[in-house]
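> please find the sequence and the predicted model below.
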Amino acid sequence: MKTALNILLGIVLLVIALSFILVYANTHPPRYPLHVPPSDYQVDYEDVSFITKDGLTLAGWLIKPDRSGKRTPTIIICHGLGANKSDFTDLAVFLARRGYLVLTFDFRAHGDSEGSRTSLGYHEQKDVSAALHYLSSRPEVDQGRIGIFGFSLGGSTAILAAAETRKFRAVAADSAFTSLRDQARQAITGYYHLPAFPFVNLSVLGYELYFQTRVGSIDPESVIGAISPDPVLIIAGEGDDMIPAENGRRLYQAAREPKELWVIPVGGHGGTVAAAGSEYNKRVGDFFDKHMK
């Protein structure tokens, strides 16, 4: 009897430990080594930095259009989990050449920014707020025409930040998740091939203890409607196994007009840009042109 209890206790402790390891692993991604500076495209830009409310210095690039006036429309670009500001240099340069100032930066614990952990959307909203505050110090930025684009974690954070601040003229989100709880379930069952119970419950508990917040507060689906009347473009990948296209459809359904949905057939998470080819930059650029020029 005692041996059976010891075995049961060992299994319980192992399940708890594994759940907390999952939280730690997903909030401490390795720093992606990709480095594609705007200078590779022969465009004018600045290395910039700014400080978040909780004291972290974030690194970014401010990419400039060929011609800029005193009031230039501006777009912030937010990368995905484990990536960095180089991930969308091509899109950033494309938008700059269409007449936008573009700020692409590293989230906390990514790239050249400070920080040792990512909160998967909670503290990253502070990073977006810091980027906005930095842009408010730039006299060439048209404060009434600032847009935001984000991919994956960056897309979900863009939605959360836009709904909270109401300072973005247009919002484009690619492969964003509906809620962190839903995404935890998808990752645990679909990526790690573990049963939802008890791992989702324990991982959520571990996250909430680690970050001292409620997982329910990271819920783009519940707040996306607040972005209206500012427009939203939702992009999703049909075939994405990490953040299925159903996330995009649900976000689109929860959003209010004006809104657009673009579902792209892909072979996996992060495949939307490659699958759409040159149409990707054009479609995103046309969306911002329509609502910000």
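It's in.
> who touches Glu221 in this structure?
Contacts here follow Cβ atoms under 8 Å, 6 or more residues apart in numbering; on that basis Glu221 touches Thr178, Ser179, Arg250, Leu251, Ala254. The way it works is simple: take the backbone N, C-alpha and C, and place the C-beta from them, glycine included.
> now, which of those residues sits nearest Tyr134?
In terms of Cβ to Cβ, no member of these lies closer to Tyr134 than Leu251, at 27.5 Å.
> for the closest one, helix, strand, or coil?
Assigned with DSSP: H, G, I helix; E, B strand; the rest coil, Leu251 falls in the helix class.
> number of residues surrounding it?
For Leu251, the count of nearby residues is 24 (other Cβ atoms under 10 Å).
> show the contacting residues for it.
Contacts of Leu251 (Cβ under 8 Å, 6+ apart): Ile159, Ala173, Ala176, Thr178, Pro220, Glu221, Ile224, Ile234.
> from Phe105, how far out is the nearest residue to the first one once chain neighbours are set aside?
Counting by Cβ to Cβ, 6 or more residues apart in numbering, Pro220 is the residue found nearest to Ile159 once chain neighbours are left out, at 4.1 Å. Spatial separation of Pro220 from Phe105 under the definition Cβ to Cβ, to the nearest Å is 20 Å.
> related to what we said a few turns ago, wait, which of the contacts of Glu221 is closest to Val23?
Using Cβ to Cβ, Ser179 is the member of these that lies nearest Val23, at 16.2 Å.
> report the helix or strand with the lowest average pLDDT across this structure.
Taking mean pLDDT, DSSP states H and E as the measure, the chain has helix 2-27 as its least confident helix or strand, at a mean of 83.
> if we can go back for a sec, mind listing what the residue nearest to Ile159 touches?
Contacts for Pro220 were tallied using Cβ under 8 Å, 6+ apart; they are Gly121, Ser156, Ile159, Leu160, Ala163, Ala173, Ala176, Phe177, Thr178, Ser179, Leu251.
> which one of those residues sits closest to Leu209?
Distances from Leu209 to those, taken as Cβ to Cβ, are shortest for Gly121 (17.1 Å).
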